[in-house]
Structure formats: C-alpha cells, structure tokens
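S.K.: output the structure for:
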Amino acid sequence: MKTEPGTYALILECAVRAGLRIGGRLRMDTEPGYYVYVGSAFGPGGVRARVSRHLQREKAKRWHIDFLRESVAFREVWLTHAPEHLEHVWAGIFHDMAGVFPVEGFGCTDCKCRSHLFRSPEPPDLAAFSRRAGGKIEVLGFAGFTEPGGLHLES
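M.R.: From the prediction side, this is the model:
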C-alpha cells in the first residue's frame, strides 16, 4: 500500500451483536453482517499510515471507528490515490446502494453527510460501487494480519 494521500473504504465484518459507546455521545448496537467505513488520508503517510492506525488495537481513541474496531474484523480496504477528497462522494454512493444502511451520525461530525459508516447483511458489491465511483478502485485484502506484527496486505 502506498504512502500517498487518498480515499479509502474499510470493509469490516461483525460476528456478534454488541452495544457500544462511541465517544462521549453516540451509542451503537452492532449487528452481525458487514460494515463499510469511509475515510480519507491526506496527511503525512497517506492511506498507508491511516489504514495501519485503524488496524492497531492499542491506541488512543480519536475517531468513531476506533471505538468500533474492537467489535469487527477487517476483510478488505478499497482505495484510490486520486488527488480529490472523495470521502463525501463515496459516503453518498454507499448511502444510495441497495441493501446498505447508514449508521446515523457515525464518523461525520465534521461534515454534512448522514454517515460515514454503513451496514449490510451481505458483503458490499464492489462492481456496483466502482461503476458509481467512476474510477479505478484498488482492493487489498487483510490476509495474514497478526498483531503486533504490522500491516500485511495482499492485492
């Protein structure tokens, strides 16, 4: 994975129901199925640094996704190194996809999106997403990831 800036979607799987407190205000009940978290990384280290941080279990909890991390398993990351900030566009695409439901208020306290986290009983449809996103989406799997060994991704 490159250290260049870009936009990403974490594809997550949840096996159990759980009640979570997300930060100081938000409560969330997880359901078995899949979650998609949309983010961007335009700071130092780009997408690689941000996704690596999301993979860590032991860290200061800064973002909503940090609280959800304890209840989900990583499956894939979809990403682009396009220079535009596409996080809100991608959130809109997931919001409009059939069978995908927004988790209201998650990960969007600094924007006007309804959510940056989406739930689906089935894995999200990469082909449908790619058509709507209008660009090449790189897909990396989380095969072989073990803690604290670091980031091991395969394309």
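S.K.: using CSV, write down the CA coordinates of the least confident helix or strand in the chain by mean pLDDT.
M.R.: With mean pLDDT, DSSP states H and E as the measure, the helix or strand of the chain carrying the lowest mean pLDDT is strand 18-22 (a mean of 73). Presented in CSV, the C-alpha positions along strand 18-22 are these (Å, rounded to 0.1, in the frame of the first residue of the first chain):
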residue,chain,number,x,y,z
ALA,A,18,-22.9,-5.7,20.9
GLY,A,19,-23.8,-2.4,22.5
LEU,A,20,-21.0,0.1,22.1
ARG,A,21,-20.4,3.6,23.3
ILE,A,22,-18.8,5.6,20.6
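S.K.: now what about that strand, what contacts it?
M.R.: With CB atoms under 8 Å, 6 or more residues apart in numbering as the test, strand 18-22 has contacts from 27-30, 64, 67-68, 70-71, 106. In this view, the C-beta of every residue, glycine as well, is placed from N, C-alpha and C.
S.K.: mind jotting down where the helices sit in this protein?
M.R.: 46-55, 64-68, 87-96, 126-133 (DSSP state H).
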